[in-house]
Every structure is written in structure tokens, then in C-alpha cells.
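S.K.: for reference, the sequence and a predicted model appear below.
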Amino acid sequence: MQQQPVIDLEAEKKEILKRYKALLRACKRTLEKGDKLLIRKAFDISLEAHKDMRRKSGEPYIYHPIAVAHICAEEIGLGTTSVVCALLHDVVEDTDMTLEDIEGLFGEKVAKIIDGLTKISGVFDQGNGTSLQAENFRKMLLTLSEDVRVILIKLADRLHNMRTLESMKRDKQLKIASETLYLYAPLAHRLGLNAMKTELEDLGLKFTEPEVYDDIQQKLKQGEPERKKFIAKFIEPIKEILAEQGLEAKIIGRPKSIYSINNKIKTKGVTFEEIFDLFAIRIIIDTIPDKEKSDCWRVYSIVTDFYHPSPERLRDWISTPKANGYESLHTTVMGPEGKWVEVQIRTVRMDELAEKGYAAHWKYKDSANENQLDDWIRKIREILENPQENALEFLDDFKLNLC
């Protein structure tokens, strides 16, 4: 008989505390008076509620709600209410605790969000038919868009589940990964959460087509030293001119996501070796709000004076931002060794917005008050409300209008 591994409870306690402290550090930006106590209360309740539960990996279950809360604070930029709800998001579903208990302890707003999260978790388990899924998904979005935090916490929950999918059985992996590619990644994109969307897509591919994923990852690794050399060569003269002109900028070379490379291989019918834009150069300038537009165009003219641009590849999302709030200037230029390179030019604010979505707006307002959610919620509600009756049409429309 196989022996059960010995669990070091003392070491686990230390690890739980360490993760809790890291969560508090991630919340620092939005903490107001009394928030720390609220978060502590939610943490204690979650810890107690899940004390005898373990995840498939064998780890204490509490690691999951802490991780979801951490993603909400650090990666989406949400405030205390969301962190509290993330810590408690499985409590009603998994334990004897009721919504009334939650409301008594944390108030109506938190109870409503927890209620929404509990309802969502049942959305996909009512059948395997796409139309049923689509109808449920549509209902979920329309009923829950009154508090978008429900959807954002659900996205954070899904991201953590995808990050820890290794310990699941293969059929479960396939189901969760397919669902992620079909619904959650497009939803993250729709809400302007670019970093999350990219990671969900890559992880989705990793579990639906592992061989394809591994092959592209391997090839990217092999070409990395050469790519780094090329990027350094490309950046050097630009850096000098920017410094001469007094423009403060950070320049990074980023490989394209594995998912987007695979997409290109499929849609264009090319091989990995035939893809010329495996990476993009991003120039992020630190400038004052009044000069954002003009400074981005200044950087554009510096880059295109030095490297010859392809005029038909210019994309100006600064004058007309995308529907999900994305702002950036994109151009493709002829770099060293006659290689085409995509260059993205944006400010620090635009970069935060591209990675964290509308939540990043709060950082650029006078205070971190959660009432500032109103504008964002209104925008998202406009995106989500759709008069179409047919659920599949709605879903297609949702997936088609992602820009």
C-alpha cells in the first residue's frame, strides 16, 4: 500500500503567513483606514472554513483564495472590497457558512458579490452543449455586469486555476483549458486585461495542444541568445537619441506570445521559421499628461528617422483608442540585417492601462476610492449589453468585436 506523504503542518503555517503578508503588500496602494482589519477578518474566516481541505496538488486549500486575492490586488489593481470577496469566494459554496452570515460580517456589497461568484461557478456544469454554455454565459454577463467585480474576481480565480492545472486529470485539464480559450481569454481581452488575456491563451494552448506549445517554446528558447543580441543592437542608437532629446524612456524587447505565434502559423499557413515578427520592441515614455500624444509622436519620428518604416503597418490607437481602452502607437520598421521589427510606443499610463485594463485608471485619479468603479462599470456594461436573442449569435458577436 502506498504511504501517504508526511505533512509538515508547521512549515505550512509559515508558508500561509508568508503568502498572507505578500497579499497585504500587494494591497498597499489602495489601503484605507480599517481595511487591514477587514482583510484579516476575511482571511481568518477563509482559513477556518477551509482548514481541513486540500487542493488536488495536496497543498492546503487556503493557498487558492490567497492567490486569487493577490491577483485581484496586484495584477488587476482592485481594492479592498474585491480582496475580501476573493478571500471568501468559495466559502459559501464549500462550507456551512451562508450569505446571511457574510452580510452580517461584511455588509450587503460583499454578500452580493459573493452571491454572484457562487452563481457563476454553476454556469458551466449544466450541460455540454455549446448553445447552453453560450446562453448561460450571456445570462451571467448581463445579470452580473451590475457589479463588474464579480467577473474580475472570477477571471482571477480562473487564472490561478490555469496556473495550477498540472495536478488535474487530463480530461479535466482539457475541459477547463478549452473553456478558458473559448470564453475567459476573450473576456479578459474585452475588459482590456492584456497581460491576463495573454497568459490565459498561452496556458490554454499548453493544456489543449501540449506538443504544439512545447515545440514553439523550445524554438523560442533556442533563438533567444540571437534575439537578445539583435534587440540590443536595435535599441542602442534609439536610446542615445532619446537621452539627447531629454525623453525619459524604458525600452524592452518582448517575444510574442506562444498562442499568437501558433495562431499566425495556422491562419497564414506558414512555418515557425517563416514568421518575421517573433518579438516586438516596446518604448515606454515617462511624460506628463499634457504631452503624452506629442511625445509619443516625437519618439515615432526618432525611430522612423533611424529605421525605415512600412507605412501600411502604422496603427494609431492614441488618437482613437480601442474599445477596451488600449492606447498605443504601432509601427513596423526595417531594422538591422534587413529584418522587419514591430515597435510599440506608449506612455507609462498607457502601458499600465494595456496590462491591467480600466482598473489602472484609478491610479491616475486623485484617490483610490472604490466609487471610481462607477465609470468603469458603466463602460463595461455598455460593452456587455446586447439586445440579440440568439445566444450563439451573441457569443459570436462577443468574440468578433474584441478590438
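M.R.: Yes, it's here.
S.K.: okay, now the unreliable bits of the stretch 301-403 of the chain?
M.R.: Filtered on pLDDT under 70, the stretch 301-403 of the chain yields the residue ranges 358-403.
S.K.: where do the helices sit along it?
M.R.: Here the stretch 301-403 of the chain has its helices, by DSSP state H, counting those that start in this stretch, at 348-356, 373-384, 391-400.
S.K.: residue contacts, F272?
M.R.: D215, I216, K219, I261, I265 (Cβ atoms under 8 Å, 6 or more residues apart in numbering). Using the backbone N, CA and C atoms, a C-beta is placed for each residue, glycine as well.
S.K.: could you rerun that using 7 Å?
M.R.: Neighbouring residues of F272 by Cβ atoms under 7 Å, 6 or more residues apart in numbering: I216, K219, I265.
S.K.: which ones among those map onto helices?
M.R.: Secondary structure from DSSP state H places I216, K219, I265 of those in helices.
S.K.: nearest to R349 among these?
M.R.: Lowest distance from R349 to the ones in helices among the contacts of F272 (Cβ to Cβ) belongs to I216, with 32.3 Å.
S.K.: surely the closest one touches N262?
M.R.: Yes. Between I216 and N262 there is a contact under Cβ atoms under 7 Å: 6.0 Å.
S.K.: more crowded one of the two?
M.R.: A count of neighbours by other Cβ atoms under 10 Å puts I216 above the other of I216 and N262, at 23 against 20.
S.K.: measure the nearest residue to that one once chain neighbours are set aside to E201 for me?
M.R.: Nearest non-adjacent residue to I216, counting by Cβ to Cβ, 6 or more residues apart in numbering: I258, 4.8 Å away. To E201, I258 is 8 Å away according to Cβ to Cβ, to the nearest Å.
S.K.: tell me the helix or strand right after the longest helix belonging to the chain.
M.R.: For the chain, the longest helix by residue count, based on DSSP H, is helix 224-244. Using DSSP states H and E, the helix or strand that follows helix 224-244 in sequence is strand 249-255.
S.K.: starting from that next one, tell me which strands it pairs with and how they run.
M.R.: Strand 249-255 has the following sheet partners, assigned by DSSP bridges: strand 279-285 (antiparallel).
S.K.: what are the buried residues along stretch 158-172?
M.R.: By 16 or more other Cβ atoms under 10 Å, the buried positions in stretch 158-172 come out as R158, L159, H160, N161, M162, T164, L165, M168.
S.K.: return the member of those residues nearest to L88.
M.R.: Within the buried residues of stretch 158-172, the smallest distance to L88 is 15.1 Å, found for H160 (Cβ to Cβ).
S.K.: leaving out sequence neighbours, find the closest residue to the closest one.
M.R.: Using Cβ to Cβ, 6+ apart and skipping the chain neighbours, the partner closest in space to H160 is A67 (4.6 Å).
S.K.: count residues in the vicinity of the one you found, would you?
M.R.: 21.
S.K.: and the pLDDT at K41?
M.R.: The per-residue pLDDT reported for K41 equals 96.
S.K.: could you measure from it over to E93?
M.R.: Distance from K41 to E93, counting by Cβ to Cβ: 19 Å.
S.K.: ok, E327 next?
M.R.: 39 Å.
S.K.: more neighbours: these two, which one.
M.R.: The neighbour comparison of E327 against E93 (other Cβ under 10 Å) goes to E327, with 21 against 13.
S.K.: contact partners of stretch 195-204?
M.R.: Here stretch 195-204 makes contact (Cβ under 7 Å, 6+ apart) with 75, 155, 159, 162-163, 177, 180-181, 184-185, 188-189, 257-259, 355.
S.K.: apologies, that question was intended for stretch 57-73.
M.R.: Contacts for stretch 57-73 (Cβ under 7 Å, 6+ apart): 12, 16, 19-20, 22-23, 26-27, 46-47, 50, 53-55, 78, 82-83, 86-87, 89-90, 152-153, 156-157, 159-160, 164, 167.
S.K.: mind exporting it as CSV, just the C-alpha atoms?
M.R.: Listed in CSV are the C-alpha atoms of stretch 57-73, where the atom choice follows Å, rounded to 0.1, in the frame of the first residue of the first chain:
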residue,chain,number,x,y,z
SER,A,57,-1.9,19.1,-5.7
GLY,A,58,-2.0,18.2,-2.0
GLU,A,59,-1.5,21.8,-0.9
PRO,A,60,-3.7,23.5,1.7
TYR,A,61,-6.8,24.9,0.0
ILE,A,62,-6.3,28.3,1.6
TYR,A,63,-3.4,28.9,-0.9
HIS,A,64,-6.0,29.3,-3.6
PRO,A,65,-8.2,32.1,-2.1
ILE,A,66,-5.0,34.0,-1.1
ALA,A,67,-3.6,33.6,-4.6
VAL,A,68,-6.9,34.8,-6.2
ALA,A,69,-7.0,37.8,-3.8
HIS,A,70,-3.3,38.5,-4.7
ILE,A,71,-4.1,38.5,-8.5
CYS,A,72,-7.0,40.9,-7.9
ALA,A,73,-4.8,43.4,-6.0
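S.K.: count the neighbours of the nearest residue to V299 once chain neighbours are set aside for me.
M.R.: With Cβ to Cβ, 6+ apart as the criterion, V299 has its nearest non-adjacent residue at 4.9 Å, and that residue is I345. Counted with other Cβ under 10 Å, residues neighbouring I345 total 24.
S.K.: ok, I345 - contacts?
M.R.: Counting by Cβ under 7 Å, 6+ apart, I345 has contacts I283, C296, V299, Y300, S328, L329.
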